[in-house]
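In: here are the coordinates; sequence isn't available:
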């Protein structure tokens with residue numbers, strides 16, 4: 001088994017950071033969805049933004065979060081494969 005280099009640890013930490021940012025972004029998008037669900041006739045939400053537009057923005061944010069998680073996971077898997085193929 002080859003030694004773990006500092007660069008490998010930094011790549012793993014970066015991949016983990018990207019995944020955590022994606023999860024935080026997804027949590028924020030779910031809070032935005034919850035706020036949109038609370039809109040009513042008496043409380044229509046912010047002026048100039050329709051309920052549909054607010055829901056679309058929350059959906060785009062959730063899709064971006066999934067993208068971050070997928071990219072972070074791909075980086076982590078690629079780094080693990082590269083590390084396992086390195087000669088001792």
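Out: Great, that's in hand. Please read these numbers as outputs of a predicted model, since none were measured by experiment.

In: Any stretches of this structure with poor pLDDT?
Out: Residues of the chain that meet the criterion pLDDT under 70 lie in 1-2, 87-88.

In: where along it do the helices fall?
Out: Secondary structure of the chain by DSSP state H: the helices cover 6-37, 51-85.

In: Pipe the ones you listed into CSV and attach mean neighbour count and distance to residue 43 per row.
Out: The way it works is simple: take the backbone N, C-alpha and C, and place the C-beta from them, glycine included. Shown next, in CSV, are those (neighbours: other CB atoms under 10 Å; distance: least, CB to CB, whole Å):
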stretch, mean neighbour count, distance to residue 43
helix 6-37, 14, 10
helix 51-85, 14, 11
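
In: want to throw these into TSV with distance to residue 44?
Out: Converted to TSV, these look like this (distance: least, CB to CB, whole Å):
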stretch	distance to residue 44
helix 6-37	11
helix 51-85	7
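
In: tell me, what residue is most central in the chain?
Out: Centroid-nearest residue in the chain: residue 22, 1.4 Å away (criterion: CA atoms, centre = their mean).

In: Nearest residue to that residue in space, ignoring adjacent ones along the chain?
Out: residue 68 (3.0 Å; CB to CB, 6 or more residues apart in numbering).

In: surely the one you found meets residue 20?
Out: No - using CB atoms under 8 Å as the test, residue 68 is too far from residue 20 to be in contact (9.0 Å).

In: Alright, calling it a day.
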